[in-house]
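1. Need coordinates for the following:
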Amino acid sequence: MRPTDTLANTAPNSPHGMADPAISHSTALPNRAYTDPEEWLRERDEVISKTWAGLGFSNDIATPGAVYPVTFMGLPLLMVRDQNGHAQVFHNVCRHRGMQLVAEAGETGLMIRCPYHKWGYDLSGQLKSTPNIGGMGIHEVAGFKCADHALAAVRCEESMGIVFINLSGEAPSLAHNLEPLMSRWRALAGDHFEEQLIADSGDYGAMELTLNSNYKLAVENYCESYHLPFVHPDLNTYSPLDAHYNLLVEPLASGQGTRVYDLARGDDQPLPLFSGWDSDRLKTAEYLSLYPNVLLGIQADHFFVILLRPEAVDQTRERLQFFYADRDALTDAFERRRQSLHEAWSLVFAEDISVVEGLQHGRASPAFDGGLFTPLMDVPTHHFHQWFLRGG
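-> Alright, predicted model coming up:
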């Protein structure tokens, strides 16, 4: 597999932008990229490990002492909020005999204790206690230094309410990685839009789905609007295909935008807007697949994040979190509006399930091995494939 030529930029001569005939002849990812477990692990180690992947939400570990175990592409990992309020991620295994340290999300206090022999680690991962290591009541042995056996850390940083990880530890900073996206959305939503984000922890703040498909098919489906009138007929009535445009954010994201997002939505109380939102673009909304596994949606009155957690080559856990621009949005005055948003997006994402799973089923056929890109409607999907083929 090798990358093909760079995509043409979008332009206003078509609702979606400029067609690129060259992509019709581009190489797409073969079936094994979606079906082969060994290829899946190679992808983790050779593509995803080099960049920043979404692992969980910041509010999964909201307070110091909070722990949240996550299995990411076969790796048992543990998110922790340390005493200084910083997110930490460790391999979720005791250094003694490899026991899983934490099985369920919760509060651990000041110490993470292995359930097997009760070795204890502080919230920064340092080994602090080794009960009975030298026999009953003897907690030290000559030559054994706790400082040499800290938990194995995974590089992590936070942005937009997401805990990101860089498995290799060698990528440029997260801020550097996200700068092209942040520059675009700061121009739309204000210089400090990401600092305004308030996670909704109520009944209408989150949703979770399981997809019997490779996570990349969810990325590809999300970043294109071609399927809108066929899969989302209700959405297409108020945000039609011809009001959408393709969107590329080099080199890390692609997706679609609309010029007709409806802020009114009937009689519900309008939500607070991002304070710096461009007043000439109140009906603009953009939906980007941030490679490799984060799906983002931004509107003048709310923001959402979908994390795709690959659990197997053909299974993905999809977690969504809503965010708002002001804490007042979480009051009772806006409950109907938040409920309406939750119901509308729940319908859209539920409609996608059969499509994404059908794409996975199709990858079993020897009559298909990559398929075609159309020169206009598949520009975002082609961009994702090129990123992947370059190795992230």
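
2. Quick check, central residue of the chain?
-> Among the residues of the chain, the smallest C-alpha distance to the mean C-alpha position (CA atoms, centre = their mean) belongs to residue 294, namely 2.4 Å.

3. Run a quick neighbour tally on residue 104.
-> Around residue 104 sit 7 other residues, with neighbours defined as other CB atoms under 10 Å. In this view, the C-beta of every residue, glycine as well, is placed from N, C-alpha and C.

4. How about the one 4 residues further on?
-> A count of neighbours around residue 108, defined by other CB under 10 Å, yields 18.

5. What separation do you get for it and residue 115?
-> 12 Å (CB to CB, to the nearest Å).

6. who's in contact with residue 174?
-> 52, 157, 158, 159, 164, 166 (CB atoms under 8 Å, 6 or more residues apart in numbering).

7. what residues are up against the residue lying closest to the residue nearest to the centre of the chain once chain neighbours are set aside?
-> Distance criterion CB to CB, 6 or more residues apart in numbering; nearest residue to residue 294, sequence neighbours excluded, is residue 54 at 4.1 Å. Counting by CB under 8 Å, 6+ apart, residue 54 touches 162, 163, 164, 290, 293, 294, 305, 307, 308.

8. Which strand residues bridge the second one?
-> What that stands for is residue 163. residue 56, residue 158 (DSSP bridges).

9. So it versus residue 371, what's the distance?
-> Counting by CB to CB, the gap between residue 163 and residue 371 amounts to 34 Å.

10. ok, now the first one?
-> Between residue 162 and residue 371 the computed distance is 31 Å (CB to CB).

11. between those two, which one's more packed in?
-> Counting neighbours by other CB under 10 Å for residue 162 and for residue 371 shows that residue 162 has the greater number, 22 against 14.

12. so the more buried one makes contact with residue 304?
-> No - in terms of CB atoms under 8 Å, residue 162 does not count as a neighbour of residue 304; the distance is 11.4 Å.

13. With adjacent residues omitted, what lies nearest to residue 239?
-> Spatially, and ignoring its direct neighbours in sequence, residue 239 is nearest to residue 258 (4.9 Å; CB to CB, 6+ apart).

14. pretty sure that neighbour contacts residue 285?
-> Yes - because the distance of 5.2 Å satisfies CB under 8 Å, residue 258 is recorded as touching residue 285.

15. Just grab the bridge partners of the residue nearest to residue 239 for me.
-> Beta-bridge pairing of residue 258, defined through DSSP bridges, involves residue 244, residue 285.

16. Just give me the neighbour total for it.
-> Other residues near residue 258 number 22, with proximity taken as other CB under 10 Å.

17. From here on, call the first residue 883.
-> Sure, I'll start counting at 883 from here, so that last one is residue 1140.

18. so how far is residue 1258 from it?
-> 16 Å.

19. Please point out which parts of stretch 1094-1105 sit buried.
-> Residues of stretch 1094-1105 classed as buried by neighbour count (16 or more other CB atoms under 10 Å): 1095, 1096, 1097, 1098, 1099, 1100, 1101, 1102, 1103, 1104, 1105.

20. could I get these as a markdown table with pLDDT?
-> What follows is the buried residues of stretch 1094-1105, written out as a markdown table (pLDDT from 0 to 100):
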| residue | pLDDT |
| --- | --- |
| 1095 | 98 |
| 1096 | 98 |
| 1097 | 98 |
| 1098 | 98 |
| 1099 | 97 |
| 1100 | 97 |
| 1101 | 97 |
| 1102 | 96 |
| 1103 | 93 |
| 1104 | 94 |
| 1105 | 94 |
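
21. TSV please, covering those and showing secondary structure and distance to residue 1200.
-> Formatted as TSV, the buried residues of stretch 1094-1105 follow (DSSP: H, G, I helix; E, B strand; the rest coil; distance: CB to CB, whole Å):
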residue	secondary structure	distance to residue 1200
1095	coil	10
1096	coil	12
1097	helix	9
1098	helix	13
1099	helix	12
1100	helix	7
1101	helix	11
1102	helix	14
1103	helix	11
1104	helix	10
1105	helix	15
